[in-house]
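> Below: sequence and its predicted model.
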Amino acid sequence: MLPTVAVLLRAPCGPVSVETISIPEPGAGEVLIRVEACGLCHADLLVAGMQKLPLAPLVLGHEGIGRIEALGPGVDGWRAGDRVGVTFLAATCGQCEYCRNGLERFCPWQSNMGFNRHGLLAERAVAPVNFMARVPENLPAAEAAPLCCAGWSAWSAVCETGLQPGQRVALFGMGGLGHLAVQYARERGLRVVAVDVSEAKLHLARKLGAELTLNAEDAGRALLKRYGGVDAAVVLTDSPDAIRESFRALKRGGTLVLVGLSTARPELPLFETILKGITVRGHYLGTREQLEEVFVLAARGVGRPQVEAFPLKDAPRMMERLKRGELVGRAVAVMES
Ligand code: ZN
Ligand code: ZN
């Protein structure tokens with residue numbers, strides 16, 4: 001067993017604390033990682049608020065960057081000292097129809113960091129090597145960490161719209177994912193409308209290349225009036241209002257990509273979906289290739305997150321701020337080396 005300081009959820013819905021715990025040595029196909037940085041994701045809040053947990057106590061966190069410290073048995077292709085990125089997707093079965101078709105993220109037998117395996121909001125963590133990404137040396141850890149979830153999801157969601165350069169996309173929610181999605185959409189030559197309720201977040205979106213920013217209220221009607229609607233909308237927040245407005249904002253034949261996990265049950269109008277030929281897609285993480293792409297893009301300066309770095313001990317307080325929507329960009333725990 002190895003000691004580590006970690007952000008711990010002791011019981012379902014229980015408080016989050018920072019404690020020294022013991023983690024097991026890496027098993028077959030796993031490595032021990034000295035964590036450099038780990039981002040806070042909205043999904044960590046969802047896990048912390050779940051009535052039932054698959055593992056408790058649980059170390060939270062699924063946006064981790066670090067270096068391999070030790071290899072478990074049977075690990076090929078990785079060495080001690082390698083710099084890695086670890087995501088929510090820890091391991092999958094490799095055999096099912098989803099795994100065989102590049103849709104590993106839908107594998108029914110997947111395991112997940114910070115959910116049913118201990119996560120990366122810790123000084124040390126053990127992770128399977130299956131879905132680890134190589135992280136360029138020139139990326140600061142605090143900027144690389146958000147790419148493991150926010151960046152990966154945002155890049156793949158922008159790809160999922162299927163839009164061509166010059167087409168218009170409305171991005172709803174300018175938080176951790178949204179401010180990266182603006183950069184990715186610009187990279188793909190799309191015209192970007194950014195929508196949020198926070199003026200500070202819209203200001204950042206304009207700086208990152210959004211051609212129009214809108215306050216969320218009545219954004220759908222405003223976009224219909226101004227452009228006759230947008231070609232696609234991507235919802236990167238859990239706000240039911242954003243989902244409603246994003247649907248309204250679409251042109252005929254438009255595509256709605258839903259990314260922000262919400263436990264609410266907003267209505268999507270069936271009548272308009274059919275008569276306007278709207279495509280509605282749920283979207284979650286991305287492909288292995290897309291995970292590699294976000295690191296390549298970041299190394300050339302595309303999709304660099306705005307980061308609020310904090311020491312691990314402040315994680316409970318930062319989670320409260322995330323819950324209240326007070327963070328601009330991504331909050332990232334940076335470990336003392
Ligand atoms: Zn996440
Ligand atoms: Zn599978």
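Ah, there it is. Ligands and ions are numbered 1, 2, ... in the order given.

> Next, count neighbours for the closest residue to ligand 2 within the stretch 101-250 of the chain.
With C-beta to the ion as the measure, residue 107 is the residue of the stretch 101-250 of the chain nearest to ligand 2, at 3.1 Å. Every residue, glycine included, has its C-beta placed from N, CA and C. Residue 107 has 19 neighbouring residues, counting by other C-beta atoms under 10 Å.

> ok, so what distance separates it from residue 328?
For residue 107, the distance to residue 328 equals 34 Å [C-beta to C-beta, to the nearest Å].

> With residue 109 instead?
Using C-beta to C-beta, we find residue 109 at a distance of 38 Å from residue 328.

> rewinding a little: ok, and the closest non-adjacent residue to the residue of the stretch 101-250 of the chain closest to ligand 2?
Closest residue to residue 107 apart from its sequence neighbours, by C-beta to C-beta, 6 or more residues apart in numbering: residue 92 at 3.7 Å.

> Go ahead and confirm that neighbour touches residue 108.
No. In this structure, residue 92 is not within contact of residue 108 by C-beta atoms under 8 Å, at 9.1 Å.

> between those two, who's got more neighbours?
Applying other C-beta under 10 Å to residue 92 and residue 108 shows that residue 92 carries more neighbours, namely 21 against 9.

> Relative to residue 61, how far out is that one?
When C-beta to C-beta is applied, the distance between residue 92 and residue 61 equals 20 Å.

> if we can go back for a sec, what residues does the residue of the stretch 101-250 of the chain closest to ligand 2 make contact with?
Residue 107 sits next to 92, 93, 96, 98, 99 when contact means C-beta atoms under 8 Å, 6 or more residues apart in numbering.

> Quick check: the two most widely separated of these?
93 and 98 (8.8 Å; C-beta to C-beta).

> of those two, who's got more company?
Neighbour tally, residue 93 and residue 98, criterion other C-beta under 10 Å: the higher count belongs to residue 98, 17 against 14.

> Return the distance of the more buried one relative to ligand 1.
20 Å (C-beta to the ion, to the nearest Å).

> quick one: that residue and residue 284 touch, right?
No. Residue 98 is not in contact with residue 284 according to C-beta under 8 Å; the separation is 11.8 Å.

> what residues do these two have in common as contacts?
When contacts are counted by C-beta under 8 Å, 6+ apart, residue 98 and residue 284 are jointly contacted by 105, 106.

> Give me every residue in the stretch 1-150 of the chain lying close to ligand 1.
If contacts are counted using C-beta under 5 Å from the ion, the residues of the stretch 1-150 of the chain sitting beside ligand 1 are 41, 43, 149.

> hmm, try it at 6 Å
41, 43, 62, 88, 149 (C-beta under 6 Å from the ion).

> For ligand 1, what's its nearest residue on the stretch 51-200 of the chain.
Among the residues of the stretch 51-200 of the chain, residue 149 lies nearest to ligand 1; the distance is 3.2 Å by C-beta to the ion.

> Adding pLDDT and secondary structure, write the contacts of residue 107 out as CSV.
Output for the contacts of residue 107, formatted as CSV (pLDDT from 0 to 100; DSSP: H, G, I helix; E, B strand; the rest coil):
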residue, pLDDT, secondary structure
92, 96, coil
93, 96, coil
96, 98, coil
98, 97, helix
99, 96, helix
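
> Within reach of ligand 2, which of the residues you listed are there?
Of the contacts of residue 107, the ones that also sit near ligand 2 (C-beta under 6 Å from the ion) are 92, 93, 96, 98, 99.

> returning to that earlier point: what is in contact with residue 93 and residue 98 at once?
Where contact means C-beta under 8 Å, 6+ apart, the residues bridging residue 93 and residue 98 through contact with each are 107, 108.

> List the residue ranges of the chain that fall below the pLDDT cut-off.
Under the criterion pLDDT under 70, the flagged ranges of the chain are 337.

> show me where it has helices.
Assigned helices in the chain, in chain order: 42-48, 97-100, 141-144, 150-160, 178-187, 199-207, 219-227, 240-248, 270-275, 288-299, 315-323 (criterion: DSSP state H).

> Turn these into a markdown table, columns for distance to residue 27.
Putting the helices of the chain into a markdown table (distance: least, C-beta to C-beta, whole Å) gives the following:
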| stretch | distance to residue 27 |
| --- | --- |
| helix 42-48 | 23 |
| helix 97-100 | 21 |
| helix 141-144 | 25 |
| helix 150-160 | 25 |
| helix 178-187 | 33 |
| helix 199-207 | 42 |
| helix 219-227 | 49 |
| helix 240-248 | 41 |
| helix 270-275 | 47 |
| helix 288-299 | 22 |
| helix 315-323 | 26 |
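
> these two touch, right, residue 156 and residue 288?
No. With contacts defined as C-beta under 8 Å, residue 156 does not count as touching residue 288, sitting 10.7 Å away.

> Between those two, tell me which one has more neighbours.
A side-by-side neighbour count of residue 156 and residue 288, using other C-beta under 10 Å, places residue 156 first with 23 against 15.

> how close does the residue of the chain most remote from its centre sit to residue 248?
Distance to the chain centre peaks in the chain at residue 275, reaching 32.9 Å (criterion: C-alpha atoms, centre = their mean). Distance, residue 275 to residue 248, by C-beta to C-beta: 14 Å.
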